[in-house]
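Asks: sequence and predicted structure are below.
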Amino acid sequence: MQRFVRFQSAVPNRNGRFPGVFALANGLAHDGMLLAEDEAWWRAANDRANSLYDTPTEAYGPGAPPGGRSWFKAEAHDILTLTEGYLGLLDRYEVPWHELRTTRPGRILYEDPVQVVALPHTHPDDWPFSARRS
């Protein structure tokens, strides 16, 4: 059974969403909050990630259903190792995040060797329990 990992904000943004680790780090940088050495690291890490991994633009583009979330495949050790640096950056700037793990990330919109983009499960369509009363 395949397992998936997601690192996201521990609190929702103003739109009620929980941005992922890269969006959180990018937000720090775009808001000018990073110290010079962290900004240099962030630029180099983003360049490396962009050169190694596809950006699933078709899963987030204008024709895609809204709400897709990226999940790393648990066996994709290289990207998970790269992500550790981003998590350290968030920790240094006291940006709360948490890790989610699942075998069912939702309806998969996109898949490549290291990640999937999935629409989260919804209630009542995906609720696994019957509506019995006790």
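Replies: Structure received. Numbers count the residues shown, from 1 in each chain.

Asks: any buried residues in the lowest-mean-pLDDT helix or strand in the chain, and which?
Replies: Least confident element among the helices and strands of the chain, by mean pLDDT, DSSP states H and E: helix 57-60 (a mean of 83). Counting neighbours by 16 or more other C-beta atoms under 10 Å, one finds that the buried residues in helix 57-60 are Ala59. Quick note: C-beta positions are derived from backbone N, CA and C, even for glycine.

Asks: hmm, who's touching that helix?
Replies: Residues from elsewhere that reach helix 57-60, judged by C-beta atoms under 8 Å, 6 or more residues apart in numbering: Ala64, Gly68, Leu109, Tyr110, Val117.

Asks: chain neighbours aside, what residue packs nearest to the residue nearest the centre of the chain?
Replies: Geometric centre of the chain, nearest residue: Gly20, 3.4 Å, by C-alpha atoms, centre = their mean. Nearest residue to Gly20 in three dimensions, chain neighbours excluded: Gln8, at 5.2 Å (C-beta to C-beta, 6 or more residues apart in numbering).

Asks: pretty sure the one you found contacts Pro96?
Replies: No. Between Gln8 and Pro96 no contact is recorded; they are 10.1 Å apart, counting by C-beta atoms under 8 Å.

Asks: rewinding a little: spit out the contact partners of the residue nearest to the centre of the chain.
Replies: Gly20 sits next to Arg6, Phe7, Gln8, Ser9, Arg69, Ser70 when contact means C-beta under 8 Å, 6+ apart.
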